[in-house]
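In: Could you work out the structure for the sequence below:
(chains A, B, C and D)
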2 protein chains.
Amino acid sequence: MVDVAKLAEVSLATVSAVINDSAPVSADRKKRVLDAIRRVGYQTNAIARSLKTGSTKTIGLMIADITNPFFTAVIHSIQEVAYHHGYGVMLCCSDEDPEKERLHLRLMSDRMVDALIIATAGETPPLRALIDSRRKPVVLIDRLLDGVATDAVVIDNVAAARDAVRYLVSLGHRRIGLITGKSTLSTARERYQGYCQALAEAGIAIENALVGAARFGSADGYGAAMGLLSLAERPTAIFASNNLSGIGLMRGIKDSGLRCPADISVACFDDFEWADVFEPRLTTLVQPTRAIGAQAMAIVLEHLQDGGAQRSAARVVRMRAQLRIRDSCVMWPPPPGLST
Amino acid sequence: MVDVAKLAEVSLATVSAVINDSAPVSADRKKRVLDAIRRVGYQTNAIARSLKTGSTKTIGLMIADITNPFFTAVIHSIQEVAYHHGYGVMLCCSDEDPEKERLHLRLMSDRMVDALIIATAGETPPLRALIDSRRKPVVLIDRLLDGVATDAVVIDNVAAARDAVRYLVSLGHRRIGLITGKSTLSTARERYQGYCQALAEAGIAIENALVGAARFGSADGYGAAMGLLSLAERPTAIFASNNLSGIGLMRGIKDSGLRCPADISVACFDDFEWADVFEPRLTTLVQPTRAIGAQAMAIVLEHLQDGGAQRSAARVVRMRAQLRIRDSCVMWPPPPGLST
DNA sequence: TTGTATGCGTTATCAT
DNA sequence: ATGATAACGCATACAA
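Out: The predicted structure is shown next:
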């Protein structure tokens, strides 16, 4: 920048003024500066600017699993609006590991991101401290934290799970299995709750043997599925409360020599592009991924523009997931005379 | 930091010394500083440090499509090793749009990332300028750029495509379709080349009508597929040279009322978790995604450690993709007496 | 309208 | 072993 000033024969202040047009500059001088910038190949050093202004114009994004198409879609949406507003995004993946999350949080915090959007892998003291400190906006997505006062955008998981299980019940199923996630995750808890509600409504007792614990990964999903499938009295339908565990479940069914939906019905949380091009076409709960990302960013931007002044009460926006019925669930018992 | 110094009753220099242990500090003073750090809740301001040291300890990662599981896997791998070495990663997606890529490049460059890893959406003057300037390490992944002198890690696309098409030929197919990508992408060109080679070996003439142009997205993949499938003399097999176009292809087959593999065989670039849990189990070309990411980061770190001193000649490391044969390709014509 | 001078939070170079 | 002080590149308050 000093080079530019020299070449244009103006002061540093003038150069700065034309770059940010933060002050009126006469036409000829402006032209001279612009020319000089081009000739020198000058690029703003955002680091120096950040140090001065206290804003890095980048937001930190922590998600639990980049392998999961749900998160991938949310990232995409966040990226888009962030960029549109001149923000960059620093991405970290916790791989569902709270310890890794803690480390990454530190990394992003050190780098002075202006705000954080987090799909937490589980509460840690530093995360809570960060939020409580109110030093920078934090918005939680997908997963809530108990008794923490930050904005969040999530979906109504109990309603969603209830819808799916109700549907299974309506088809005649009574032995319905569930593949759940770690109970430290609000989504896992809420989806379990929805499952229970739907069963209770139908007067079906909860059987612990029918709920398989996994950790929202395809490998444990597979393990949990194999457990359920090898039960003496096998479930006739299974609800996978996350898409990766859904994959594991489908693999488990295949490896058990069973067929879906002929032998067992499957419903699955989270939609993905592949869900309807192969057999069976999966019935899924589709989340408004784009809206989730956009909403989270909207909240962040709002805070950033307010200058963090008057922080109103934490607000959590709940969105609805939608049950997309395809072919992986069928009536039970199978009506006679229907070929499979 | 000044607070820490005050509380510990030492100078700033001493505090800095214990933080980076860049100088010997007596035991008691060190303890006092450490204590003070904890009490004040001090966190390093990486921005200020960057300004001083000239290193942000973050690498910029530009990929073409975050929706594509191939890239997702590479990102994961890069993230992992980056973090392990104290680096953060700033992620940008060009969505296969060179213009967007240009803008994002600028954004990351302004933010002074220490190095860049790029899966380019197509050459732009700024990208070439950035590389030629040699101001910071740039390593290309997945897609090469003609006559550009940077390191790169890619796979042998012509061999990979050749393997797949050879396999199709060996099953008896003679009318083999191709869904290709934009010819500005080295991967698209090379895969097309491999397709041609395999056909030439078998004495099969290239028919332009059999190669459908798409842009490595599922929507255009679908369009291209519909074109191929509506041909008067339909291909008996199609090779999709990218996984998203593979999805589009499968959807096209479904919408055309055809069945895979009974009516048409399909092979597809890029493997993904879902590939073998649904029907048909897709035969794919699997790329060493983890190795690609790790290798790219290894090169970056190497450069960063050399201090950018002696830059040897650009080296491109080529890896091999592997044909994973599953069920989506069958013999043609179908042997008599085989029920489908 | 333009220029001068100061500080953002570090690290690094000196003395001490 | 320790402390004072000068940059790093920019934005800005203030003076001209």
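In: what about the residue nearest to residue A:35 when sequence neighbours are not counted, how many neighbours?
Out: Once flanking residues are discounted, residue A:35 sits nearest to residue A:8: 7.1 Å by C-beta to C-beta, 6 or more residues apart in numbering or on different chains. All C-beta spots, glycine's among them, are computed from the backbone N, C-alpha and C. Residues lying near residue A:8 (other C-beta atoms under 10 Å in any protein chain shown) number 22.
In: if I pick residue A:8, what's in contact with it?
Out: The contact partners of residue A:8, by C-beta atoms under 8 Å, 6 or more residues apart in numbering or on different chains, come to A:14-15, A:29, A:32-33, A:35-36.
In: Residue A:264 contacts residue A:237, doesn't it?
Out: Yes. Assessed by C-beta atoms under 8 Å, residue A:264 is found in contact with residue A:237 at 6.5 Å.
In: In helices, which of the contacts of residue A:8 appear?
Out: A:14-15, A:29, A:32-33, A:35-36 (DSSP state H).
In: Among the residues you listed, name the buried ones.
Out: A:14-15, A:29, A:32-33, A:36 (16 or more other C-beta atoms under 10 Å in any protein chain shown).
In: and of the residues you listed, the nearest to DNA strand D?
Out: residue A:15 (7.5 Å; C-beta to the nearest atom of the strand).
In: near chain B, anything from stretch A:329-340?
Out: No. For stretch A:329-340, no contact with chain B is found by C-beta under 8 Å from any C-beta of the partner chain; the gap never falls below 13.7 Å.
In: Quick check: buried residues in that stretch?
Out: Quick answer for stretch A:329-340 (16+ other C-beta under 10 Å): A:329-330, A:332.
In: do stretch A:98-117 as well
Out: Those would be A:98, A:100-102, A:104-105, A:107-117, for stretch A:98-117 by 16+ other C-beta under 10 Å.
In: try stretch A:82-89
Out: Buried-residue list, stretch A:82-89, by 16+ other C-beta under 10 Å: A:82-83, A:87-89.
In: List phi and psi for the residue positioned nearest the centre of chain A.
Out: For chain A, the residue nearest the mean C-alpha position is residue A:71 (4.3 Å; C-alpha atoms, centre = their mean). Backbone torsions for residue A:71, taken as degrees, to the nearest 10, come to phi -70, psi -40.
In: Pull the contacting residues for the residue nearest to it when sequence neighbours are not counted.
Out: The shortest distance from residue A:71 to any residue other than its chain neighbours is 4.5 Å, reached at residue A:63 (C-beta to C-beta, 6+ apart). With contact taken as C-beta under 8 Å, 6+ apart, residue A:63 is in contact with A:71, A:74-75, A:91-94, A:119.
In: Who are the contact partners of residue A:37?
Out: Counted by C-beta under 8 Å, 6+ apart, residue A:37 has contacts A:4, A:15, A:19.
In: Got the phi and psi for the residue in the stretch 201-340 of chain A positioned nearest to chain B?
Out: Closest approach between the stretch 201-340 of chain A and chain B, counting by C-beta to the nearest C-beta: residue A:278, at 3.3 Å. Main-chain dihedrals, residue A:278, degrees, to the nearest 10: phi -110, psi 180.
In: Flag every residue of chain A that's near DNA strand D.
Out: A:1-2, A:12-13, A:16-17, A:19-20, A:22, A:42, A:44-45, A:48-49, A:51-53 (C-beta under 7 Å from any atom of the strand).
In: Filter those residues down to the buried ones, ChimeraX style.
Out: Entered in ChimeraX, the line below selects the buried ones among the residues of chain A next to DNA strand D, by 16+ other C-beta under 10 Å:
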select /A:1,16,17,19,42,44,49,51
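In: could you pick out which of the residues of chain A next to DNA strand D are near chain B?
Out: Subset of the residues of chain A next to DNA strand D in contact with chain B: A:44-45, A:48, A:51, counting by C-beta under 8 Å from any C-beta.
In: where does the residue in the stretch 151-300 of chain A positioned nearest to DNA strand D land on pLDDT?
Out: With C-beta to the nearest atom of the strand, the shortest gap between the stretch 151-300 of chain A and DNA strand D falls at residue A:300, namely 20.9 Å. We have a pLDDT of 97 for residue A:300.
In: For chain A, give me the ranges with low pLDDT.
Out: Scanning chain A for pLDDT under 70 picks out A:307-311, A:338-340.
In: what about residue A:131, distance to residue A:64?
Out: Residue A:131 is 17 Å from residue A:64, where distance means C-beta to C-beta, to the nearest Å.
In: quick revisit: identify all residues paired with the residue nearest to residue A:71 through a beta bridge.
Out: Beta bridges link residue A:63 to residue A:93, judged by DSSP bridges.
In: Quick check: it vs residue B:297, distance?
Out: 20 Å.
In: How about exporting stretch A:325-340 as PDB, limited to the C-alpha atoms?
Out: Provided in PDB are the C-alpha atoms of stretch A:325-340 (Å, rounded to 0.1, in the frame of the first residue of the first chain):
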ATOM      1  CA  ILE A 325     -43.100 -41.700   1.000                       C
ATOM      2  CA  ARG A 326     -41.500 -43.900  -1.500                       C
ATOM      3  CA  ASP A 327     -41.200 -47.700  -1.800                       C
ATOM      4  CA  SER A 328     -39.200 -49.000   1.200                       C
ATOM      5  CA  CYS A 329     -42.200 -49.400   3.500                       C
ATOM      6  CA  VAL A 330     -45.000 -51.800   2.800                       C
ATOM      7  CA  MET A 331     -48.100 -53.100   4.500                       C
ATOM      8  CA  TRP A 332     -47.800 -55.700   7.200                       C
ATOM      9  CA  PRO A 333     -48.700 -58.400   7.200                       C
ATOM     10  CA  PRO A 334     -48.400 -58.500   3.400                       C
ATOM     11  CA  PRO A 335     -51.900 -58.700   1.900                       C
ATOM     12  CA  PRO A 336     -52.500 -62.100   0.300                       C
ATOM     13  CA  GLY A 337     -52.300 -62.300  -3.500                       C
ATOM     14  CA  LEU A 338     -49.700 -59.600  -3.800                       C
ATOM     15  CA  SER A 339     -46.600 -60.800  -5.500                       C
ATOM     16  CA  THR A 340     -43.300 -59.400  -4.200                       C
END
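In: what does that stretch contact?
Out: A:167-168, A:171-174, A:236-237, A:259-262, A:265-268, A:275-276, A:279-284.
In: Chain B contacts on the stretch 101-250 of chain A?
Out: A:103-104, A:106-112, A:218, A:247, A:250.
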